[in-house]
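>>> Just a sequence and a predicted model for now, questions to come.
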There are 2 protein chains.
Amino acid sequence: HLVCCRALAGVITRAARKQLPRTSAAPMHSSDDGVGSSVPESRAAMEQRYLEKAEHFMGSHGDAQDGDDDDDYDDSYAEQEGRPYVPPASVSDGSKPCFATNIEKHFVVPARLQDKPYELIEAANDWHYAMMNDHPRNEFYKAALARVVKPDSVVLEIGAGSGLLSIIAASLGAQTVVAIEANHHLANVAREIIRRNGYEGKIHIINKMSTEVTPAELEPFGTPTVLLSEILGTLLLGESALHYVMDARQRLTTPDCAVVPLRGTQFATLVDSADIASITSVKDWQGIDLSWFNSLQDTTSMVFTKQYGFRFSSCSYTELAPRLPVLPIDFSSDQVGVWRGEKRTHLQVQKAGTIHAILASWEVYAIGDSTDKPLVMATHPDATLNNFPRDMQWGQGLQLIEDMACEGGSPVPFQVSAGEWLT
Amino acid sequence: HLVCCRALAGVITRAARKQLPRTSAAPMHSSDDGVGSSVPESRAAMEQRYLEKAEHFMGSHGDAQDGDDDDDYDDSYAEQEGRPYVPPASVSDGSKPCFATNIEKHFVVPARLQDKPYELIEAANDWHYAMMNDHPRNEFYKAALARVVKPDSVVLEIGAGSGLLSIIAASLGAQTVVAIEANHHLANVAREIIRRNGYEGKIHIINKMSTEVTPAELEPFGTPTVLLSEILGTLLLGESALHYVMDARQRLTTPDCAVVPLRGTQFATLVDSADIASITSVKDWQGIDLSWFNSLQDTTSMVFTKQYGFRFSSCSYTELAPRLPVLPIDFSSDQVGVWRGEKRTHLQVQKAGTIHAILASWEVYAIGDSTDKPLVMATHPDATLNNFPRDMQWGQGLQLIEDMACEGGSPVPFQVSAGEWLT
């Protein structure tokens, strides 16, 4: 049963490293020649472009952060640390095609969209609406900020988006809020939303990557005492949250600044699900044996549920073992790059069944009330029940499992019994 | 209320033209340098590559099919007709990287996958398992074939995949089945499945695009009397089904051959859905007005529900008007290119509400039993209830709607009253 633990190790590794961000709906776009048949730059291609920019960026910024090297710590990993995720459309040279030119000519493009950059519309429609409508998320941040924001607080937000969290911080009485938003179109939208809500004087937008903001730029507002961010991916560190939080903590805030969220945990769990099996494997149908097709089953890749096209909370599934915390993160003190490339784990199966997949989800925490109960926000599928927007912004990660002890031409289902230890 | 009908016209147009195919889960892949940070070729990029191949292909085959030109029929449309959808991995030069080289080095790649082409694994895991496990789909084909297959039938299948439908045809007593599958890896898998089920002598695989198969190649098997295919996309003609069926009908079969499926209808309907609204628009939250963000709402693109990441059948929604048949297709006689670029439609609203989106789904039909009741297979969300695989292979198309009569900086919700006519 080595494979299962190696797959768990994979979840840890992927959680610790830069990963694909929250994933998105991919509209059917048309080309600008009216033919409507070409496929435009995809998110993946776009991300690749931005990764290239990130590499460039790290050429000047990244080296100083590679301090934890040791024998178990391979070079490629060190290299990765230097390349955090950079959100799409963070940097724009202003020459991007406008929305209308990307759409087949006889389609209706509202006047308000005609001249907006295509990449802005795509980014905004990806998951921003779901995120803003995830009210338990907003409430988590409001409660967390209420615990740490004082009348003399200077709040620094990384990745402000619509400006909602900065507005919440301002509404709680912070002296000043500085909201960093790298996408200059979103920065403009946030400025308008802030203006419409009467926080023009309180919230200041800086349109840069947070790593490019200097202490001198913040001087007019005071040194930040609260560091706020919501740059969490489908995997906890999928959008390089710790990279950006660590950098800001080290360069831009007071040494003892409050960090929201404060901590987080990446979880993995083993699931038995006939629904998952029904879209990832095949048996026979009315006496016709189709099982040879399973020789093509991909038990290596991790796929996000949102990319599969379903919400895990709307499927039937059983967890066969307790959720395993595979990577705890303290956003107030952890350094990027302290994890090994792989970590072995022991866990005990609690229910007999077939492990169809490892499900990856996370929790983040903030300082709670006087009973010391921390505030929690989670992406476990049971935490997203009746929260459609939560599913639609994050979902979970899913990796198929086979029993590699019996490896052959076709994958053998990984059957386990109650009480069995996987080591 | 012009926009609504123009959007409906868009559904027609997109249904009639080549569109993106069934969509897929996009695994998080890693690069071959062990860094794990690069994003590999996406499906979109892959499709783009194949479209380029399709263009090349149509350079020699497409012109003959452009017969229906007229004044209302624009050149770009004629050009499109010449470029049918070509499935990914249909043509391989054998130089594609194998699966293992695409995966970060410390991940576990089963031996059975190590040397298989990456594109094969991706294609197979996209939606093939869901398709094979869509038992009502299999039953539709079995019942349809049972009506037309005779002991002297020569069945020609276009796009055989796993070989399942060809095996069903053979099991029903057809004299011979010729199964065309352009992906040579899938063709090999189908051969093995056919062998394992004892139909080696009955079913013959031809590994080509159907448009490249000549009558001479079929001569040894006899002229096909039954033409079978399941190359239906999220939109009915999304995988250019009529292109391939028409071509085979005209060149490869008997003039009066039975066609399965025989007919189809692309439907569009107007839906009110708080769930859809919650991921595509924003109002206010606890007194904070976020509505300016709606200025970025994309009411132009059609997005597939599977790409959004949810199943429509698991959402709450209300249909505000009867489903409208926007494009009827007769696979046994229709020609590609007989539709105009746009078709106006009148429909009456039956329930008051807000039209959040147009939902596109389809039905296909086959000859039914003696009561003349046709056999039906559908992608309406009520037809996919309790059929997870159906949702996971096709889903539906979704286009957001706004009231463009009141166009301004932000979209105005399209509210309708019962009895209202949209013209």
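Structure's in. What do you need?
>>> Look at the residue nearest to A:Ser295 when sequence neighbours are not counted and tell me its secondary structure.
The spatial neighbour of A:Ser295 that comes closest, neighbours along the chain excluded (C-beta to C-beta, 6 or more residues apart in numbering or on different chains), is A:Ser410 at 5.0 Å. All C-beta atoms are positioned from the backbone trio N, CA, C, and that covers glycine. Using DSSP: H, G, I helix; E, B strand; the rest coil, the three-state assignment for A:Ser410 comes out as coil.
>>> Quick check, pLDDT for A:Ser410.
pLDDT recorded at A:Ser410 is 89.
>>> got a list of what it touches?
A:291-292, A:294-295, B:112 (C-beta atoms under 8 Å, 6 or more residues apart in numbering or on different chains).
>>> So A:Ser166 sits against A:Arg191, correct?
No. With contacts counted by C-beta atoms under 8 Å, A:Ser166 stays clear of A:Arg191, the gap being 10.9 Å.
>>> out of those two, which sits in the busier spot?
More crowded of A:Ser166 and A:Arg191, by other C-beta atoms under 10 Å in any protein chain shown: A:Ser166, with 30 against 20.
>>> how about the residues of the stretch 301-423 of chain A that lie near chain B?
Listed as neighbours of chain B in the stretch 301-423 of chain A under the rule C-beta under 8 Å from any C-beta of the partner chain: A:301-311, A:314-315, A:341-342, A:388-389, A:391-392, A:395, A:397, A:402, A:404, A:407-411.
>>> List buried residues within these.
The neighbour count (16 or more other C-beta atoms under 10 Å in any protein chain shown) marks A:301-311, A:314-315, A:341, A:388-389, A:391-392, A:395, A:397, A:402, A:404, A:410-411 as buried among these.
>>> if you look at those, which of them are in helices?
The helices, defined by DSSP state H, take in A:305-308, A:388-389, A:391-392 from those.
>>> Mind picking the lowest-pLDDT entry from these?
A:Gln307 (84).
>>> Make sure it is actually in contact with B:Gly309.
Yes. Assessed by C-beta under 8 Å, A:Gln307 is found in contact with B:Gly309 at 7.0 Å.
>>> who's in contact with A:Lys150?
Listed by C-beta under 8 Å, 6+ apart, the contact set of A:Lys150 reads A:173-174, A:225.
>>> hmm, try it at 7 Å
Contact analysis of A:Lys150 by C-beta atoms under 7 Å, 6 or more residues apart in numbering or on different chains lists nothing.
>>> Phi, psi for it please.
phi -120, psi 170 (degrees, to the nearest 10).
>>> Next one: it from chain B, what distance?
Counting by C-beta to the nearest C-beta, to the nearest Å, the separation of A:Lys150 from chain B is 21 Å.
>>> Break down the stretch 201-350 of chain A into its strands, ranges please.
With DSSP state E, counting those that start in this stretch as the criterion, the stretch 201-350 of chain A has strands at A:203-206, A:226-229, A:258-260, A:263-272, A:284-285, A:288-289, A:302-304, A:318-319, A:324-330, A:347-348.
>>> So which residues on the stretch 151-300 of chain A come close to chain B?
A:162, A:164, A:167, A:189, A:192-193, A:196-197, A:275, A:278-282, A:285, A:288-290, A:292-293, A:295-300 (C-beta under 7 Å from any C-beta of the partner chain).
>>> Which among these count as buried?
Those of those that meet the buried threshold are A:162, A:164, A:167, A:189, A:193, A:197, A:275, A:278-282, A:285, A:288, A:290, A:292-293, A:295-300, by 16+ other C-beta under 10 Å.
>>> A:Ser361 - that's part of a helix, no?
No. Note on A:Ser361: no helix contains this position according to three-state DSSP, which reports strand.
>>> Poorly predicted segments of chain A, please.
Residues of chain A that meet the criterion pLDDT under 70 lie in A:1-83, A:88-96, A:102-107, A:338-344.
>>> What residue in it is the furthest from its centre?
A:Gly287 (43.8 Å; C-alpha atoms, centre = their mean).
>>> which phi and psi does A:Leu164 have?
Torsion angles, degrees, to the nearest 10, at A:Leu164: phi -60, psi -50.
>>> repeat for the one 3 residues further on
Backbone dihedrals for A:Ile167, given as degrees, to the nearest 10, come out at phi -60, psi -40.
>>> residues touching it, list them.
So A:Ile167 contacts A:194, A:197, A:199, A:203, B:288 (C-beta under 7 Å, 6+ apart).
>>> mind running it again at 10 Å?
Contact partners of A:Ile167, counting by C-beta atoms under 10 Å, 6 or more residues apart in numbering or on different chains, are A:160, A:177, A:179, A:190, A:193-194, A:197-199, A:202-203, B:285-290.
>>> now, which of those residues lie within helices?
Assigned to helices by DSSP H, the following of these qualify: A:190, A:193-194.
>>> doesn't A:Arg390 make contact with A:Phe312?
No. Using C-beta atoms under 10 Å as the test, A:Phe312 is too far from A:Arg390 to be in contact (11.2 Å).
>>> shared neighbours, these two?
Common neighbours of A:Phe312 and A:Arg390 (C-beta under 10 Å, 6+ apart) are A:379, A:381, A:384.
>>> if I look at A:His184, how far off is B:Asn188?
Using C-beta to C-beta, to the nearest Å, one obtains 51 Å as the distance from A:His184 to B:Asn188.
>>> ok, these two, which is more surrounded?
A:His184 (18 against 14).
>>> Can you tell me the closest non-neighbouring residue to the more buried one?
A:Asn207 (4.9 Å).
>>> Any idea how many residues pack against the one you found?
For A:Asn207, using other C-beta under 10 Å, the count is 19.
>>> A strand includes A:Ile358, no?
Yes. With three-state DSSP as the criterion, A:Ile358 is assigned to a strand.
>>> In the sheet, which residues pair with it? Tell me.
Here A:Ile358 sits in beta bridges with A:Leu270, A:Gln399, as judged by DSSP bridges.
>>> ok, how many other residues are close to it?
A count of nearby residues for A:Ile358, using other C-beta under 10 Å, gives 22.
>>> if I look at it, how far off is chain B?
Here A:Ile358 is placed at a distance of 12 Å from chain B (C-beta to the nearest C-beta).
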